[in-house]
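>>> sequence plus predicted model, see below.
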Amino acid sequence: MLYRLVRVQEVYAPLSEVWYFFSRPENLSTLTPSYMAFQILSEVPENMEAGILIEYIVRPLWGIPLRWVTEITHVKSPLQGSPPYFFVDEQRFGPYAFWHHRHEFYPVEKGVLMRDIVHYKLPGKFLGQLIHPLLIRPRLEEIFNFREKKIREIFNYVDAP
């Protein structure tokens, strides 16, 4: 079964600042809960572009280290025409049977509207469906809730204006 997670957040900062922050893979650790001990293993270039592979270790459950490799498959930056601006990361090796994460950025009056669309599939047909509502979905929601709070802190706002 293919699952979908969508999160939307408004960021009160200029598009150039928001895009720069999110297009830097080294900032992933800032947006990840510390218990996951997120660590990038590969070198990452200064500018994001399609074809970049990012290898890292993450501990999403019970402190068990998992090696994960994602590829940036698509990028449309603010320098490349009209919105939406976006990039896509897809798992090449890791804990999911399928992982596709599209990060979208839309300029709005007060800053940037960000939308994350994640499609994912768990390994193991029956077992995956069984543990999804009990363990996997709640953990993903927790991670994205942490990320939302961190973004508010990074861009210096607590409540919407």
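Nice, I can see it. Everything numeric here is computed off the predicted structure, so don't read it as measured data. Numbering: from 1, shown residues only.
>>> and the closest residue to residue 25 other than its chain neighbours, how far from residue 22?
The shortest distance from residue 25 to any non-neighbouring residue, by Cβ to Cβ, 6 or more residues apart in numbering, is to residue 44 (4.4 Å). (C-beta placed from N, C-alpha, C; glycine too.) In this view, residue 44 and residue 22 are 13 Å apart by Cβ to Cβ, to the nearest Å.
>>> more neighbours: which of the two?
A count of neighbours by other Cβ atoms under 10 Å puts residue 22 above the other of residue 44 and residue 22, at 20 against 17.
>>> give the contact list for that one.
87, 103, 105, 114 (Cβ atoms under 8 Å, 6 or more residues apart in numbering).
>>> do that again at 7 Å, thanks
Going by Cβ atoms under 7 Å, 6 or more residues apart in numbering, residue 22 touches residue 103.
>>> the one 4 residues further on now?
Residue 26 makes contact with 40, 44, according to Cβ under 7 Å, 6+ apart.
>>> surely residue 113 is in a strand?
Yes: Residue 113: assigned to a strand according to DSSP: H, G, I helix; E, B strand; the rest coil.
>>> ok, the residue nearest the centre of the chain to residue 126 distance?
By Cα atoms, centre = their mean, the chain has its centre lying nearest to residue 101, at 6.5 Å. Applying Cβ to Cβ, the value for residue 101 to residue 126 is 25 Å.
>>> starting at the chain centroid, how far to whichever strand or helix holds the residue nearest to the centre of the chain?
Using DSSP states H and E, residue 101 falls within strand 98-108. In terms of Cα atoms, centre = their mean, to the nearest Å, the gap separating the centre of strand 98-108 from the centre of its chain is 8 Å.
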